[in-house]
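**Student:** Provided below for reference: sequence and predicted model.
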Amino acid sequence: MTQVAPLVKPLALSAGIFFLFVIVAFLVRAAMSRWMRRWARETATDVDDRILAILARPVFYILLIYGLDYAITRLPFHWRIIEAVRGGIFIVGVVVVTTIVYRVGMTLLDWYGERLKRKASTTTLVREFIPLTQRLFSILIFTLAVITVLRHFNYDAWSLLTAMGVGSLAIGLAAKETLTNMISGFSIMIDRPFRPGDRIELASGEIGDVQEIGLRSTRIKTFDNTILVVPNSALVNASLVNYCYPDFKVKTRVKVGIAYGSDIEKAKRIMLETTREVPVILQDPAPSVYFTEFGDFSLNLLMIFWVREYTQMLDAKDRVNSMIHARFAKEGIEIPFPIQTVFLKQ
C-alpha cells in the first residue's frame, strides 16, 4: 500500500485532465454539428458543408490525443517510458492531421473542378490539370508528414532527402527516356498545342483525334479505329497540324486538269457552281478558282473553299469532285489522260 499510495494522486490528476479534454471534445463536436453547420447551410456554396463534415470527427480525435499526451506527462513514470508513449501518440496525431489536410485539400480541388466544369471552355483544363494537381498534392502532404515525424525523433530529415536525391539521380539516368517523355507531357499540358478531342496531323502523315494526353505518351485514334500511341517527346520536338485551332472550319483544295483548248473561264464557273450545292461549304469566305500552271498535258486549275467543320472535309471534297466530273462531261470539257505526243521530223 505504501508503494501504491504515491501513484494515486498523479493517476487521479491525469485521469481528471483526460476526462476534461473528453468533455471539451464532445462540446466542440456538438458545436460543429449544430451551430457551425447551420451557419454553413446559409452560405452560397456547399464547400464549407463538405469541410465541416470532414473536420467534425477528426477534430474530436485530435482533442482526445492532445489530452492523452498532456495527461501522460503528469504520470510519475520513467522519462524513457513517457517519451516512448508520447512518441507513439505524436505519430498517431500526425497521421490524423495529415488525413485531415489531405481530405480538405482534395475536397477543395474537387469543388474547384466542379466550378470549372460549368464553363464549357474549361472542361479540358479540368480533365488535364485537376487530377495532376491532386497527385502532386498527395505527394507533398505525405513527404511533409514523414519529415515532421523524423524531425520529432531527432533524425536528420534533410540528409535522408539528400540520399533520396542521389538515388533519384541514379534512377533518372537509367530512365532517361521516360523522364524526357514525362517532362514533355508537362510541356504539352502547359503550352496546349492540342487538347483531347482535337484532330491533328503528325509530321509522319498520320491523322487522328486525340483521345488522352498522359504523362508519358499521347493516344490518338486514327481513321482506321485504331489507337496510335506516340511518346510525348516526339510530339514536342516535331511539327504537327491542329485542325481544330483556332476554330473548327478548315480550308480545302481541289486540283483539276483540263485539256488544252478548253474554255478556262467556263471551267472556273462550273467549279464554283458545284460548291453552292454542298451545304457544308461556306460561302463566306467565298470559294475561289485559280489557273495555276500550264502542265505537260493539261491546264491546271486549283479551287479553294472552306468547310464548316474538319470532320466534313472528306465528304465535301468527294461531293465536289463527283459533281465536277459529271458537269465537265456534260459540258464537253475534257479531263485528259497523261499523254505524250511525238512528232517525227521527215
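**Tutor:** Perfect, thanks for sending it. Numbering: from 1, shown residues only.

**Student:** so how many other residues sit close to the spatially closest residue to Met313 that is not a sequence neighbour?
**Tutor:** Spatial nearest neighbour of Met313, chain neighbours left out: Val307 (5.0 Å); criterion: C-beta to C-beta, 6 or more residues apart in numbering. (Glycine included, C-beta is placed from N, CA and C.) By other C-beta atoms under 10 Å, the residues close to Val307 number 21.

**Student:** again, but for Ala203
**Tutor:** So Ala203, with other C-beta under 10 Å, has 12 neighbours.

**Student:** From Gly113, how far out is it?
**Tutor:** Per C-beta to C-beta, to the nearest Å, Ala203 is found 34 Å from Gly113.

**Student:** do the same with Asn237
**Tutor:** For Asn237 relative to Gly113 (C-beta to C-beta), the value is 31 Å.

**Student:** Tell me which of those two has more neighbours.
**Tutor:** Gly113 (19 against 11).

**Student:** now the host helix or strand of the more buried one: how far from the chain's centre is it?
**Tutor:** Assigned by DSSP states H and E, Gly113 belongs to helix 79-117. Offset of helix 79-117 from its chain centre (C-alpha atoms, centre = their mean, to the nearest Å): 26 Å.

**Student:** next one: stretch 257-268
**Tutor:** 53 Å.

**Student:** go on, stretch 183-196?
**Tutor:** 9 Å.

**Student:** Just the buried residues of it, please?
**Tutor:** Of the residues in stretch 183-196, 184-185, 188-189, 194-195 count as buried by neighbour count, 16 or more other C-beta atoms under 10 Å.

**Student:** Quick check: of those residues, which lies closest to Phe19?
**Tutor:** In terms of C-beta to C-beta, no member of these lies closer to Phe19 than Met189, at 53.9 Å.

**Student:** And the pLDDT for that closest one?
**Tutor:** If you check Met189, the pLDDT there is 75.

**Student:** in a helix, that's where it is, yeah?
**Tutor:** Yes - under DSSP: H, G, I helix; E, B strand; the rest coil, Met189 falls within a helix.

**Student:** Which residue ranges of the stretch 1-150 of the chain form helices?
**Tutor:** With DSSP state H, counting those that start in this stretch as the criterion, the stretch 1-150 of the chain has helices at 5-31, 37-41, 47-72, 79-117, 123-152.

**Student:** Least reliable of those by average pLDDT, please.
**Tutor:** Ranked by mean pLDDT, the helices of the stretch 1-150 of the chain end with helix 37-41 at the bottom, a mean of 60.

**Student:** now the closest residue to Arg319 other than its chain neighbours: how far from Lys268?
**Tutor:** Spatial nearest neighbour of Arg319, excluding adjacent residues (C-beta to C-beta, 6+ apart): Val278 at 5.2 Å. Distance, Val278 to Lys268, by C-beta to C-beta: 17 Å.

**Student:** same question, Leu314
**Tutor:** 24 Å.

**Student:** the more surrounded of the two?
**Tutor:** Lys268 (16 against 12).

**Student:** The more buried one in helix, strand or coil?
**Tutor:** Looking at Lys268 with three-state DSSP, the answer is helix.

**Student:** I'd say it and Thr292 touch.
**Tutor:** No - between Lys268 and Thr292 there is no contact under C-beta atoms under 8 Å: 11.8 Å.

**Student:** Tell me the residues that contact both of those two, please.
**Tutor:** Common neighbours of Lys268 and Thr292, counting by C-beta atoms under 8 Å, 6 or more residues apart in numbering, are Leu301.

**Student:** before we move on, back to that, what sits opposite the residue nearest to Met313 in the beta ladder?
**Tutor:** With DSSP bridges applied, Val307 shows beta-bridge pairing to Val250, Ile281.

**Student:** quick one, what contacts it?
**Tutor:** Per C-beta under 8 Å, 6+ apart, neighbours of Val307: 249-250, 252, 280-282, 313, 316.

**Student:** ok, now with 10 Å
**Tutor:** Taking C-beta atoms under 10 Å, 6 or more residues apart in numbering, we find Val307 in contact with 248-252, 278, 280-282, 313-317.
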